[in-house]
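**Student:** missing the sequence, but the structure's below:
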């Protein structure tokens, strides 16, 4: 039995970038291709040091752009290697074309994405515009609330991506600066436990097996393309089916329980706030604060955005008086992406809650507990308008 | 040891160079001949070839799902990234050898094919990066001087005055004003590289350079004069003849640069006028019928002559003086 004191001792103060780099060190992929700027994060710098110090056998490809990073990763993964990269913001946008190709080739690549605002204007600070732009690329998207989760989800993602039922790439999203550069105490699990959990990659149709030659990336016209896209949809359904089992194995190995969603004080809540990423910690603080004052507020945090946990959301929100969705990205000319998806999941709810959409934190604008209270107060007062876009922390 | 014609004839007789019949490239297309030349030599030398192909004629016409004309491992990713993709494959092979997943003595040959669009233009950054990093691969450019797959648009390789849809010869503008980019010089400037020109018309020279490129420790680059019968407006039977004219007119000099050392591999006593090369193709007809044709042809001839003189001087100056060890 591990005592609390031992557990505390095992904790290290690490930034999110360092935590993810440690996950990569323990996963020890065969190939990592990465570009440091546009903008990258310290993830690849830490990892390069692990390579230089001989802590991993990984071959690194210091490519000349993110487009080439993703391209080299495609070549390596198709060859039968476990291949990873990491990126952020404009770098992810530059990869965009190959991000789609990776998913359509069903290559199980895991990529930490440090969420930062897309240009223009050039910004560098946190929001979710970069990963939301890849929402429909066919990648699984997981969002971390803190550094511990960023570390753990990176490890979990390998198993999810490489499962036969799934065979899809995964983005592990962590908030830029708030997590990537913010130091938190966290527990790094023993190397052998992580290696045991991720196991060895099982290559499917590897290019390097020259005695069984395969063609990757043929031209696929109207007579088959549609069926192949349908197969990708099935792969994503596979991820939805399989995620609980992998999460359960993860819990058995490391004692931490993951799910599609985390319900925080939602059972008797009148108003539930829904969000992605690090803001969930701030929301938990605001929820506790409001609860102390007797207001029945709760939080529904999403760990998975793709596949989107429609049923779980409906189950958690059906019959609530009000739901407030916080988005750290805009969809110009339409509803904010998380709000739109949550709202649509409630179409078949028996008792649809009142809903409100709040955009916050674009370009790294801070969100304070008071801002969150403001949204929850609107909801509790019955002042939500499901069709109106509202903002938190914005000068109008 | 240079490969003999007899050895290659035997390789050819096996009818399995890696790209098979049944592809849908145009009759007379230079691209599959280029691919066959390269792969026959690779196989003859005992390599296990893997190919990556940039988006373009060779790619779309050989892999129309659910068919493939490739009997060796093949990957296509996108237009501009074949060098990065192949560098991933090459690196994976080194990593998997380190992990003991692939036998140490496995002799893969990593070969990337790209047209001029995917090489001179959109794929140049990816190619430069892969060459700079020193991946052990052979990049083969099949140069047909335009975006032929999409119907003859101008590329950085299109010669001045050639009729294309995006730089047409018009009433005012005499087609593309710029000369061809010198891609071999660009690649050779990476220094730790073997770069050479080849032509379908000179197979022995071609085979020798493929052999050198494959055996070179590091990146190698071949620029193959590879006529497009469709948009050069020449008969399907004339592919090799036109390639020969390119060499005989010195429009396409045959040379190689190994770690900065230049060597001209074909030095005839005299050359045919470039005009003869131009006149052999319908794509130059609109230019040649213009009143200022002589001026434009004269400028091209002057460039070809100057380039030849420079090449000979470089050969002299760099003899036995590799810039990298």
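**Tutor:** Alright, I've got the coordinates. Source: prediction; values computed, not measured.

**Student:** how confident was the prediction at the nearest residue to residue A:185 once chain neighbours are set aside?
**Tutor:** In space, residue A:185 comes closest to residue A:11 once its chain neighbours are excluded; the distance is 4.4 Å by CB to CB, 6 or more residues apart in numbering or on different chains. To be clear about C-beta, it is placed using only N, CA and C from the backbone, and glycine gets the same treatment. Residue A:11 is assigned 90 on the pLDDT scale.

**Student:** show me where pLDDT drops low in the stretch 201-350 of chain A?
**Tutor:** The stretch 201-350 of chain A contains no residues with pLDDT under 70.

**Student:** just the helices in it please.
**Tutor:** Using DSSP state H, counting those that start in this stretch, the helices found in the stretch 201-350 of chain A span residues A:225-254, A:279-292, A:310-317, A:337-345.

**Student:** adding mean neighbour count, write those out as TSV.
**Tutor:** Output for the helices of the stretch 201-350 of chain A, formatted as TSV (neighbours: other CB atoms under 10 Å in any protein chain shown):
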stretch	mean neighbour count
helix A:225-254	15
helix A:279-292	20
helix A:310-317	19
helix A:337-345	21
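
**Student:** which residues touch the residue nearest to residue A:185?
**Tutor:** By CB atoms under 8 Å, 6 or more residues apart in numbering or on different chains, residue A:11 lies in contact with A:185-187.

**Student:** 10 Å instead, please
**Tutor:** Each residue near residue A:11 by CB atoms under 10 Å, 6 or more residues apart in numbering or on different chains is listed here: A:148, A:184-188.

**Student:** what about the nearest residue to residue B:190 once chain neighbours are set aside, neighbour count?
**Tutor:** Computed as CB to CB, 6+ apart, the closest residue to residue B:190 that is not its neighbour in sequence is residue B:131, at 4.5 Å. As a burial measure, residue B:131 scores 26 neighbours (other CB atoms under 10 Å in any protein chain shown).

**Student:** now do residue B:131 against residue B:245, distance only.
**Tutor:** 30 Å (CB to CB, to the nearest Å).

**Student:** got it, and residue A:292?
**Tutor:** With CB to CB as the criterion, residue A:292 and residue B:245 are 88 Å apart.

**Student:** again with residue B:2
**Tutor:** To residue B:245, residue B:2 is 25 Å away according to CB to CB.

**Student:** which of those two has more neighbours?
**Tutor:** Ranked by neighbour count (other CB under 10 Å), residue B:2 and residue B:245 place residue B:245 first, with 25 against 10.

**Student:** so what's that one closest to, chain neighbours aside?
**Tutor:** residue B:277 (4.7 Å).

**Student:** can you name the residues that contact the one you found?
**Tutor:** Neighbour list for residue B:277: B:159, B:242, B:244-252, B:271, B:284, B:300, B:304 [criterion: CB under 10 Å, 6+ apart].

**Student:** closest to residue A:361 out of the residues you listed?
**Tutor:** Taking CB to CB as the measure, residue A:361 lies nearest residue B:159 of the contacts of residue B:277, at 54.4 Å.

**Student:** hang on, isn't that closest one packed against residue B:146?
**Tutor:** Yes. The pair residue B:159 and residue B:146 passes the contact test of CB atoms under 10 Å, sitting 9.5 Å apart.

**Student:** returning to what we had before: pull out the buried residues from the contacts of residue A:11.
**Tutor:** A:148, A:184, A:186-188 (16 or more other CB atoms under 10 Å in any protein chain shown).

**Student:** I'd like to know which of these is nearest to residue A:75.
**Tutor:** Using CB to CB, residue A:188 comes nearest to residue A:75 of the buried ones among the contacts of residue A:11, at 30.8 Å.

**Student:** and the nearest residue to that closest one once chain neighbours are set aside, how far from chain B?
**Tutor:** If the residues on either side of it in the chain are set aside, residue A:188 comes closest to residue A:22, at 5.4 Å by CB to CB, 6+ apart. The span separating residue A:22 from chain B equals 20 Å under the rule CB to the nearest CB, to the nearest Å.

**Student:** and residue A:22, how many neighbours does it have?
**Tutor:** For residue A:22, the neighbour count with other CB under 10 Å is 23.

**Student:** then residue A:13?
**Tutor:** Burial of residue A:13 is recorded as 10 neighbouring residues (other CB under 10 Å).

**Student:** any idea what it is bridged to?
**Tutor:** Using DSSP bridges, the bridge partners assigned to residue A:13 are residue A:185.

**Student:** which ones are touching it?
**Tutor:** By CB under 10 Å, 6+ apart, residue A:13 lies in contact with A:147, A:183-186.

**Student:** how about the residue of chain B found nearest chain A, nearest residue that isn't a chain neighbour?
**Tutor:** Minimum separation of chain B from chain A (CB to the nearest CB) falls at residue B:88, amounting to 2.7 Å. Distances taken as CB to CB, 6+ apart place residue A:75 nearest to residue B:88, at 2.7 Å, with adjacent residues excluded.

**Student:** would you confirm that that neighbour contacts residue B:73?
**Tutor:** No. At 11.2 Å, residue A:75 does not count as touching residue B:73 under the criterion of CB under 10 Å.

**Student:** who's more crowded, those two?
**Tutor:** Taking other CB under 10 Å, residue A:75 and residue B:73 do not tie; residue A:75 has more neighbours (34 against 27).

**Student:** distance between stretch B:61-71 and the chain's centre?
**Tutor:** With CA atoms, centre = their mean, to the nearest Å as the basis, stretch B:61-71 stands 22 Å off its chain's centre.

**Student:** list the buried residues of that stretch.
**Tutor:** Result for stretch B:61-71 [16+ other CB under 10 Å]: buried residues B:61-64, B:68-70.

**Student:** near chain A, from these?
**Tutor:** Restricting these to those adjacent to chain A (criterion: CB under 10 Å from any CB of the partner chain) gives B:61-64, B:68-70.

**Student:** how many residues are close by residue A:372?
**Tutor:** Neighbour count of residue A:372, defined by other CB under 10 Å: 29.

**Student:** then residue A:318?
**Tutor:** Using other CB under 10 Å, residue A:318 is surrounded by 15 other residues.

**Student:** quick check: chain neighbours aside, which residue is closest to it?
**Tutor:** residue A:349 (4.2 Å).

**Student:** quick check, that neighbour in contact with residue A:311.
**Tutor:** No. Applying CB under 10 Å, one finds residue A:349 not in contact with residue A:311, separated by 11.1 Å.

**Student:** which residues do these two both contact?
**Tutor:** By CB under 10 Å, 6+ apart, residue A:349 and residue A:311 have no common neighbours.

**Student:** compile the helices of the stretch 201-350 of chain A into CSV and extend it with columns for distance to residue B:218.
**Tutor:** Converted to CSV, these look like this (distance: least, CB to CB, whole Å):
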stretch, distance to residue B:218
helix A:225-254, 37
helix A:279-292, 49
helix A:310-317, 52
helix A:337-345, 46
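
**Student:** could the contacts of residue A:11 be laid out in a markdown table, adding pLDDT and distance to residue A:133?
**Tutor:** What follows is the contacts of residue A:11, written out as a markdown table (pLDDT from 0 to 100; distance: CB to CB, whole Å):
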| residue | pLDDT | distance to residue A:133 |
| --- | --- | --- |
| A:148 | 98 | 27 |
| A:184 | 97 | 27 |
| A:185 | 96 | 33 |
| A:186 | 95 | 29 |
| A:187 | 96 | 33 |
| A:188 | 96 | 32 |
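
**Student:** what's the most distant pair in those?
**Tutor:** Greatest spacing in the contacts of residue A:11, by CB to CB: A:184 and A:188 (12.1 Å).
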